[in-house]
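>>> compute the structure for the input listed below.
(chains A, B and C)
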Amino acid sequence: MLYQTIDILGTVAFAISGVLVAMEKRLDLFGVLIIAFVTAIGGGTLRDLLIGNTPVGWMQDLTYVITIFISVVFAIIFVNKLKYLRKSLFLFDTIGIGLYTMVGVEKGLAAELLPIMCIFLGTMTACFGGVIRDILCNEIPVIFRKEIYATACILGGASYFLLIQLPIKETYAYIAAILVVIALRLVAVKFDVRLPNIYSSKD
Amino acid sequence: MLYQTIDILGTVAFAISGVLVAMEKRLDLFGVLIIAFVTAIGGGTLRDLLIGNTPVGWMQDLTYVITIFISVVFAIIFVNKLKYLRKSLFLFDTIGIGLYTMVGVEKGLAAELLPIMCIFLGTMTACFGGVIRDILCNEIPVIFRKEIYATACILGGASYFLLIQLPIKETYAYIAAILVVIALRLVAVKFDVRLPNIYSSKD
Amino acid sequence: MLYQTIDILGTVAFAISGVLVAMEKRLDLFGVLIIAFVTAIGGGTLRDLLIGNTPVGWMQDLTYVITIFISVVFAIIFVNKLKYLRKSLFLFDTIGIGLYTMVGVEKGLAAELLPIMCIFLGTMTACFGGVIRDILCNEIPVIFRKEIYATACILGGASYFLLIQLPIKETYAYIAAILVVIALRLVAVKFDVRLPNIYSSKD
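Here you go, the predicted structure:
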């Protein structure tokens, strides 16, 4: 129940972030819908494709489509009010990437992949919806340029594989890993921690 | 026979639209070929990937490759004359998206997906070749910005699922749905109907 | 042994080319890593997806991930020295596309595809990592604009299917085809041979 609530809140946050980017680009209604959709389900879709999990997840469960659709309608109607929701959206988004990371890790384990590949899949699930959103909007993906985002997912995923070495229940390790992702992202944003840009020597 | 003729005319129209965009971007011969190719088979490829239909369709049937290749050669030779063909190309393209929509819907049904997912697959088949073309050419996809295009596919696909509720033959519903897509697109272009752009409040 | 050495050298060259492009775009560390990764394994990933070879190759073999990671670290540390290595990198890259082309052809044959589809897959394996790299960096893919690159792969792949008609061992045809790709690319660069740009009549 908690799991599903968070999953839906994450989907809502991702969809709304898609709407905001699409509106800034002045896309039409269809464009906005597609971008919201792709932002919310793009990462999981890519993950499912790479491990051969087809038809991909969201095609077999109406929840996502309905959630995204309602989010888009909501976002369009209340776009002027969304700035007051910025903190809530950021929180949903952060909880969302925590959860999505571990969903991806789990799918990798189910496909019997190596831990590092599971961490890849988790990070992809959490981050690549945003990457596809930015490509469709003709931008260099924002997660390649600033903020600790993917890094939080990678470290969180890695923490899971460290924790299951300890004599604790797998469920606890799972939840702890989600919290690691969330905590890292919150701390990074709070203290404005960024990855170094690596400039070429010409500068 | 009619089915195949239309399928080929649609492929021709899509390939030529790819050539025209690629030339505007001053790509070289290989670039033009790839863009033509991707425009013609990109939507169906994405659809096949999402439902796990691999190797994807065009790899198992030479018709598409040959059709596209001849279209590209033709388009390059007669590029100066293509403006006189604009109306024919528009017609092929419009018939093409009608047919491609229903091809996608059919594949979704064969994969036992829900109607709404079938409509997604149909729209994707018809429209995403153009989306990939625009991304490769570093443009925001044109269908996100103007014209009723995807919307015609969505409504046409939906009409199929309404029509099969009635006591009519499935083939008739199939053909009627194709005609709905075509009619909507023609009417939209004729009367310059567009989806609203949804501007953010800053403007 | 030779095969694997070349495979690894090719991966190194592709990963470093990714690092160089990502640095020019001033991406952060995560961005640089992802671009290096995608450049090195993107072509093979797309090929595996299209023929339904999942989980895709690099997920089942740590060699690639480790090779790419070390290449990125190396490239970042020695970025100022890389210009002295330009010739070596060009050579690795050229050998890499020769080898990757034939890897792709082989996978196509294993999937019982037609020769022309195998040539497609080979060219895709060799070239599409670079295409995805350029899309992620918001550039029109360089291979669509200049240099004989994909063309060398296509002709090399085609030469394989011509050679196996002759009464020679398959292994020899395989190696000869790799050499054809390499030779064509070297000659093209040496004599600055390019594909014609096909301008539209407006110019």
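
>>> make it CA atoms for all contacts and neighbour counts henceforth
OK.

>>> spatially central residue in chain A, please.
In chain A, the residue lying closest to the centroid (Cα atoms, centre = their mean) is residue A:126, at 2.9 Å.

>>> mind listing what that residue touches?
For residue A:126, the contact set (Cα atoms under 8 Å, 6 or more residues apart in numbering or on different chains) comprises A:43, A:44, A:96, A:97, A:98, A:100, A:101, A:104, A:150, A:153.

>>> redo these as a markdown table? Include secondary structure, neighbour count and distance to chain B.
Output for the contacts of residue A:126, formatted as a markdown table (DSSP: H, G, I helix; E, B strand; the rest coil; neighbours: other Cα atoms under 10 Å in any protein chain shown; distance: Cα to the nearest Cα, whole Å):
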| residue | secondary structure | neighbour count | distance to chain B |
| --- | --- | --- | --- |
| A:43 | helix | 24 | 13 |
| A:44 | helix | 28 | 11 |
| A:96 | helix | 24 | 23 |
| A:97 | helix | 29 | 23 |
| A:98 | helix | 32 | 25 |
| A:100 | helix | 27 | 20 |
| A:101 | helix | 31 | 21 |
| A:104 | helix | 26 | 17 |
| A:150 | helix | 24 | 24 |
| A:153 | helix | 32 | 25 |
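
>>> who in chain A is up against chain B?
Applying Cα under 8 Å from any Cα of the partner chain, we find that chain A lies next to chain B at A:20, A:23-24, A:26-32, A:45, A:49, A:52-56, A:59-60, A:76, A:79-80, A:135-138.

>>> which of the contacts of residue A:126 scores worst on pLDDT?
pLDDT across the contacts of residue A:126 is at its lowest for residue A:96, which sits at 83.

>>> just the ones in helices from the residues of chain A next to chain B, please.
Within the residues of chain A next to chain B, residues falling in helices by DSSP state H are A:20, A:23, A:24, A:29, A:30, A:31, A:32, A:45, A:49, A:76, A:135, A:136.

>>> from the residues you listed, keep the buried residues only.
A:20, A:23, A:29, A:30, A:31, A:32, A:45, A:49, A:76, A:135, A:136 (16 or more other Cα atoms under 10 Å in any protein chain shown).

>>> wait, which of those is closest to residue C:8?
The nearest member of these to residue C:8, counting by Cα to Cα, is residue A:49 at 25.4 Å.

>>> list the buried ones in the one helix or strand residue A:13 maps to?
Using DSSP states H and E, residue A:13 falls within helix A:2-24. Of the residues in helix A:2-24, A:6-23 count as buried by neighbour count, 16+ other Cα under 10 Å.

>>> so how far is chain B from residue A:151?
To chain B, residue A:151 is 27 Å away according to Cα to the nearest Cα, to the nearest Å.

>>> where does that residue land in three-state SS?
helix (DSSP: H, G, I helix; E, B strand; the rest coil).

>>> okay, now it: neighbour count?
Counted with other Cα atoms under 10 Å in any protein chain shown, the neighbours of residue A:151 add up to 19.

>>> which non-adjacent residue is nearest it?
Leaving out its chain neighbours, the residue that sits closest to residue A:151 by Cα to Cα, 6 or more residues apart in numbering or on different chains is residue C:30, at 7.3 Å.

>>> tell me the contacts of that neighbour?
Contacts of residue C:30 (Cα under 8 Å, 6+ apart): A:143, A:144, A:150, A:151, A:195.

>>> over to residue A:97?
A:10, A:126, A:127, A:153, A:181, A:182.

>>> turn the residues you listed into TSV, including distance to residue B:189.
What follows is the contacts of residue A:97, written out as TSV (distance: Cα to Cα, whole Å):
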residue	distance to residue B:189
A:10	38
A:126	39
A:127	38
A:153	46
A:181	49
A:182	48
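
>>> thanks again, I'm all set now.
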